[in-house]
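Enquirer: Predicted model and sequence below, questions to follow.
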Amino acid sequence: MVFAFVHGMSKPFSAIGIDAVLPQFPRPYFQRKSSPTGVFRKGFTLIELLVVISIIGILIGLLLPAIQAVREAARRTQCSNNLRQIGLAIHNFDCARKQFPPSCSGGPKGVWSLHARILPYLENGALYKAIDFSVDYDNVMFGPGVPLSSIRVPTYLCPSERNDRAVIEGGKPKHYPLNYALNLGPWFVHDPATGRAGEGAFCQRTALRNRDFVDGLSHTLALAEVKAFTPYFRNAGHANPIMPVAPADLGNLGGEFRNGGHTEWVDGRSHHTGITSVFAPNAVVKVLHAGMDYDADWTNQREGTSATIPTYAALTARSYHANLVNAAMMDGSVRSFYNDIDISVWRAVSTRAGREVISTP
């Protein structure tokens, strides 16, 4: 039998117990007191877990805004790049044809958009080759049973757009929206009776040239952002409507309500591919309809639907970027216009020959 000679003891280990002989070292932090079964348990207490979870939650709360800000900055950069590509495509069109494309032309109704005409300069030659500009876009297909108008063109869409989806008719895709609309001037757009065109950078059935931009290409707005599926009123049919002073005045002009403005990139009519400078960027234009308020646009008469009634329009530039809209100038540069821009400056950059002396940002 083995005896222990510790501090004068001469008893066997079985009699005095091992703990009485060996030095007593402190238990590790994570080793808890033994259970009634004598088995040691390892782990964190509930309070410790709650503290760790709380710290992680705080860190996530601090990081999320920064991550979202980085993502929005990336989306805004991509949006600017889209505008730059469209601006360059318009200039390449001018280099090839010695004139800028009209905003709206072609087909029996004369409503093919500029966006359709510049497709080959945006590396979309296949789409362009499928177009027959002598017929209306409703009759043009891009493959069996696929309307060309339903094709999504990535360059025409801002990555921040929340309604990046096709317009469905009869259970099938019919049209696809866009986020970059042409500058058609401050208010007046087109008179079908006289052929008189508006003051903007692009006109219906009228091809402008460099010499027409008296104010200079760098001081004339070409395109700006819009939101897809913007509610709008149309075909009020006024002979000479007065430009509204405040957004609240727009509701007095009347018209037929629709909930699908800026949803057809193939359609050159103003409510789909145009803007005007009646109101500042991102102005909230509340119009009451059927008991509901809408942030809406307004078109006096759709182009191609009357031989005598002129087109006037209040089509506001809007974006999902905070406090601004991205825009392209006629010289191909891309700039941001903030919501608080002086309305007189905003209207000045929307005219090609107003002879204003302005300083754009």
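Expert: Yep, that arrived. Numbering: from 1, shown residues only.

Enquirer: In a helix, Gln68, correct?
Expert: Yes. Counting by DSSP: H, G, I helix; E, B strand; the rest coil, Gln68 falls inside a helix.

Enquirer: okay, it: pLDDT?
Expert: Listed pLDDT for Gln68 reads 75.

Enquirer: helices and strands of the protein: which one bottoms out on pLDDT?
Expert: strand 3-4 (a mean of 44; mean pLDDT, DSSP states H and E).

Enquirer: Check whether Ala328 really touches Leu83, as I assumed.
Expert: Yes. Using CB atoms under 8 Å, Ala328 is in contact with Leu83, at 4.2 Å. (C-beta placed from N, C-alpha, C; glycine too.)

Enquirer: What are the buried residues along stretch 82-97?
Expert: Judged by neighbour count using 16 or more other CB atoms under 10 Å, the buried positions of stretch 82-97 are 82-83, 85-87, 89-91, 93-94.

Enquirer: Identify the farthest-apart pair in the residues you listed.
Expert: Using CB to CB, those span at most 19.2 Å, a distance reached by Asn82 and Asp94.

Enquirer: any common contacting residues for Ala328 and Leu83?
Expert: 180, 223, 334 (CB atoms under 8 Å, 6 or more residues apart in numbering).

Enquirer: Now the buried residues of stretch 82-97 in CSV, please, with extra columns for distance to Gly107, secondary structure and pLDDT.
Expert: Formatted as CSV, those follow (distance: CB to CB, whole Å; DSSP: H, G, I helix; E, B strand; the rest coil; pLDDT from 0 to 100):
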residue, distance to Gly107, secondary structure, pLDDT
Asn82, 26, helix, 98
Leu83, 27, helix, 98
Gln85, 26, helix, 98
Ile86, 22, helix, 98
Gly87, 26, helix, 98
Ala89, 21, helix, 98
Ile90, 21, helix, 98
His91, 25, helix, 96
Phe93, 19, helix, 97
Asp94, 22, helix, 97
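
Enquirer: gap between the two ends of stretch 258-270?
Expert: 14 Å (CA to CA, to the nearest Å).

Enquirer: Name the residues of it that are buried.
Expert: Neighbour count says stretch 258-270 has 258, 260-270 buried, by 16+ other CB under 10 Å.

Enquirer: what does the average pLDDT come to for it?
Expert: pLDDT averaged over stretch 258-270 gives 97.

Enquirer: Quick check: chain neighbours aside, which residue is closest to Ala193?
Expert: Of all residues not flanking Ala193 in the chain, Thr308 sits nearest, at 5.0 Å (CB to CB, 6 or more residues apart in numbering).

Enquirer: Pull out the buried positions in whichever strand or helix holds Arg347.
Expert: Using DSSP states H and E, Arg347 sits in helix 343-348. For helix 343-348, the neighbour count (16+ other CB under 10 Å) marks 345-348 as buried.

Enquirer: from the residues you listed, which is closest to Ala313?
Expert: Nearest member of the buried residues of helix 343-348 to Ala313, counting by CB to CB, is Arg347, at 13.7 Å.

Enquirer: What ranges does the stretch 201-350 of the chain have for its helices?
Expert: Assigned by DSSP state H, counting those that start in this stretch, the helices in the stretch 201-350 of the chain fall at 270-273, 343-348.
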